[in-house]
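>>> what follows is a predicted structure for the sequence shown.
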Amino acid sequence: MNESLINFYGRDFFVNQHVLTPRPETEQLIDEVLNLAGKPYLPGIKSAPRVLPKNPYILDVGTGSGCIAITLRLMLKNARIQATDISKDALEIAQKNAKKFGVDDPHLFIISNLLENVKFTPENTPDLIVANLPYVDKNWDWVKPETLKSDPDLALYAEDGGLELIKKLIDEAEKYQIKYLILEADPCQHQALETYAESKNYHLKTTNGFILTFYRKYDTI
Ligand SMILES: C[S@@+](CC[C@H](N)C(=O)[O-])C[C@H]1O[C@@H](n2cnc3c(N)ncnc32)[C@H](O)[C@@H]1O
């Protein structure tokens, strides 16, 4: 098993052939969560007003190496964090990373196809879902194969122009009335995603590089 270390948001995470190598564009997803939590993400930057509860429950879907969930666990002490992935091999690396950073939470990772194995009750519904799910369309001829060669197909590709899994997640979020969604997609997909999300009662709040932040139409921001 060929493991190496990759920096994400200032911390070195283990990666191997079963997980996506964390990308710099995903770091802006963390910035957006901190924004909703009312925390400054750079020294000297004034924080936005907090819109998440004081002790938010945040679910990371498609956690891979665990870089998003573990970074949030370490940065948002009051938050409850959970993370899912469909790949058992990926979750083994995520667990190894959790251990590396002293995150000792037996309930942090759940093996699940999207939200399938997450138990929802009125008291147990995430305030925010974050996800960097696979969004590459196999037909994109402008993606250089060498930039993706160390990443597993399961972490990269999706049908329906790359949007199949993200759209399914939006459907599931609507079903469980999740208030906020922070999603990563290629900028060329943002317009299509905004239209789809709108049809499922999610309004676009902001875009930041590859990252889109949505809120549910019936909730105030
Ligand atoms: C693009 S990678 C992102 C990994 C990590 N979150 C990051 O940002 O570096 C997508 C992850 O989603 C997982 N995945 C693919 N299909 C899934 C599904 N149906 N349900 C849950 N996870 C899935 C893959 O195994 C992979 O770990």
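That came through, no problem.

>>> next up, phi/psi of the residue nearest to the spatial centre of the chain, please.
Nearest to the geometric centre of the chain sits Ala131, at 2.4 Å (CA atoms, centre = their mean). With angles defined as degrees, to the nearest 10, Ala131 sits at phi -160, psi 130.

>>> mind listing what the closest residue to it other than its chain neighbours touches?
Leaving aside its chain neighbours, Ala131 sits nearest to Val61 (4.1 Å; criterion: CB to CB, 6 or more residues apart in numbering). From N, CA and C alone the C-beta is placed, and that goes for glycine too. The contact partners of Val61, taken as CB atoms under 8 Å, 6 or more residues apart in numbering, are Ala83, Thr84, Leu114, Leu115, Ile129, Val130, Ala131, Leu133, Leu169.

>>> what packs against the strand or helix carrying the fifth one?
When elements are assigned from DSSP states H and E, Ile129 belongs to strand 128-131. Counting by 3 or more CB pairs under 8 Å, 6 or more residues apart in numbering; DSSP states H and E, the packing neighbours recorded for strand 128-131 are helix 27-36, strand 57-61, helix 164-175, strand 180-184.

>>> please repeat the previous calculation with a cut-off of 6 Å.
In terms of contacts (3 or more CB pairs under 6 Å, 6 or more residues apart in numbering; DSSP states H and E), strand 128-131 is packed against strand 57-61, strand 180-184.

>>> right, is that strand up against the ligand?
No. Strand 128-131 lies apart from the ligand when judged by CB under 6 Å from any ligand atom; the minimum separation is 7.5 Å.

>>> thinking again about what came up before, could I get the helices and strands packed on strand 128-131 in a markdown table, plus columns for distance to the ligand and mean pLDDT?
Below are the helices and strands packed on strand 128-131 laid out as a markdown table (distance: least, CB to the nearest ligand atom, whole Å; pLDDT from 0 to 100):
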| stretch | distance to the ligand | mean pLDDT |
| --- | --- | --- |
| strand 57-61 | 6 | 98 |
| strand 180-184 | 7 | 98 |
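
>>> that older thread, now the element after the strand holding Ile129, going C-ward?
Toward the C-terminus from strand 128-131 - assigned by DSSP H and E - lies helix 145-148.

>>> before we move on, the earlier item: kindly reformat the helices and strands packed on strand 128-131 as TSV containing distance to Val19.
Listed next are the helices and strands packed on strand 128-131 as TSV, based on distance: least, CB to CB, whole Å:
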stretch	distance to Val19
strand 57-61	13
strand 180-184	15
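
>>> show me where the protein has its strands.
Along the chain, counting by DSSP state E, strands occupy 4-8, 11-15, 57-61, 80-85, 109-111, 128-131, 180-184, 202-208, 211-216.
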